[in-house]
Every structure is written in structure tokens, then in C-alpha cells.
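Asks: this is a predicted model, with the sequence first.
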Amino acid sequence: MKLLYFAWLRAKTGVAVEEVTPPGEVTTVGDLLAWLKGRGPGYAEALADLQVVRVAVNQEYAEPDQPVGPDDEVALFPPVTGG
Amino acid sequence: MIRVQREDFDPGRELAALTAGNHRVGGLAVFVGLVRDMAGDETVGAMTLEHYPGMTEKMLERIEAEARARWPLEASLVIHRYGRLEAGERIVMVACASAHRQAALEACGFLIDWLKTKAPFWKLEEGPVGAKWVEARESDDAAAARWAPQEPDAVE
């Protein structure tokens, strides 16, 4: 699974792009976020308030119950501020 | 048409090209967003716009297609820049052309409101005490919500 981090999520995790292989019980976006939180202090800080974390699966906005798998590209980013 | 680019653009030239040769156009509405030198009480010298290449284009194309489905537009254009921009520089341009002004004005408002809440861009402002990520504003969500399809005058 390919993970992308943008804006302050990248700054806090210290990662822009990474390949991960989550354990088998991680089947949804919500599971993935919970698992990522446990990967280190940077991740825990970045994901402390999920209200301000948006997730896209294969470049489409996704809700916590959406399934994710090994071939997916999952992006984590704050609410957008363009325009 | 949508474009995501680092370079500046010339609004006059873009507008001329958008409607060139199409004499059905009677109204052309345009919004151009610029980098302000103030954020709240703090001065901002410059900002860096980050985006998600691929998803950004996809979202902008979708937002534009929705505008074209809801209003009778002859032409539309969204240009959004990324990278480091100094105060006064152009960030974004939205233009809509239609036979009459109402469709052009409404579609232009819809596009900029939706873009601000859906297109994956993030602003990092350079202020006097360092760089700070801009926080999303609830007023932007409210502005976009005005265009929700359940609106009585919305065209499904």
C-alpha cells in the first residue's frame, strides 16, 4: 500500500511517501488510521485529531468505513485551503 | 478547461482566448484570486501552495463538469497555481462564459466556492515569526454549501 502525506501531516510524520504492509486486520480507512497512530510519536501527533485529517483512496475522498487494500494509494492531508 | 501550473498567467489573454470566435457568448464572468499581504493581524510576505498532483486535476475537472451540467455555459476555465507566490501575485482564475450574465456569474461563484473546499491545495504562509499552515475556514464550507443540489433553483 502506498501512503502519501501532505502539508502539516507530512511535516509531523516526517514522511512524504512510503510503502507499508499493514497487518491483515487492517481492512478499512479507519483501521489504517488507528494502525498508523501506533507507528511512532510523529504519527501519533499527526493523527491525534482525526477531525482535521482528510483521507483519499486512489485520489477519491474516502470515509472511515471505506475498504483499503495492498494495491491502493492512500493520501492523508488536512482540510484543503486553496483558491 | 482546467490547468494546474507553477507559472503566472495573463487574465486578459486567457479571457480573449476563452471566447474567441464564439459569438453566442453574451456574458463572461471572472474571478481572480491574489496573495494578500495580511492574514488576520499578521503580515505575510509570501506563501507556498502545495498540491496533490493527479487528484488536484481530477477534482478540478469534476467541479468544472458539474458547473457545465448545472448552467448553460459556452466556455469555462479554471487555472490554479502552485509553488511559492509573493504578496500581490495571482493564485487562481475562474472564468465562465454564457449567453446571459446570470449563468456566467452563478457558475463562476459555484466554481470558486467548490474549489476552495474540494481541490487538494494547501497554503503555507511566511509570516514574521516563521511559516504557518493556513487553517480551513468554516465560512468557506458555508459558501460551498450554498450550492448544494437541494437548493430550489438548482438544476439537477
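Replies: Happy to help now that I have it.
Asks: separation between the residue in chain A positioned nearest to chain B and A:Val52?
Replies: Scanning chain A for the residue nearest chain B gives A:Gly82, at 2.6 Å (criterion: Cβ to the nearest Cβ). All C-beta atoms are positioned from the backbone trio N, CA, C, and that covers glycine. Per Cβ to Cβ, to the nearest Å, A:Gly82 is found 16 Å from A:Val52.
Asks: of these two, which one has the most company?
Replies: A:Gly82 (26 against 14; other Cβ atoms under 10 Å in any protein chain shown).
Asks: I'd say that one and B:Thr117 touch.
Replies: No. Taking contacts as Cβ atoms under 8 Å, A:Gly82 lies outside contact range of B:Thr117: 9.2 Å.
Asks: which parts of the chain are strands?
Replies: Defaulting to chain A. If DSSP state E is used as the criterion, the strands of chain A fall at A:2-5, A:17-19, A:54-57, A:60-62, A:73-77.
Asks: looking at chain B here, not the other one
Replies: B:2-5, B:27-34, B:38-39, B:42-43, B:46-51, B:73-81, B:83-86, B:90-98, B:121-127, B:130-133.
Asks: mean neighbour count and mean pLDDT added to those, as a markdown table?
Replies: As requested, these are exported to a markdown table (neighbours: other Cβ atoms under 10 Å in any protein chain shown; pLDDT from 0 to 100):
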| stretch | mean neighbour count | mean pLDDT |
| --- | --- | --- |
| strand B:2-5 | 16 | 98 |
| strand B:27-34 | 17 | 98 |
| strand B:38-39 | 12 | 83 |
| strand B:42-43 | 12 | 86 |
| strand B:46-51 | 20 | 97 |
| strand B:73-81 | 22 | 98 |
| strand B:83-86 | 14 | 97 |
| strand B:90-98 | 23 | 98 |
| strand B:121-127 | 21 | 94 |
| strand B:130-133 | 13 | 93 |
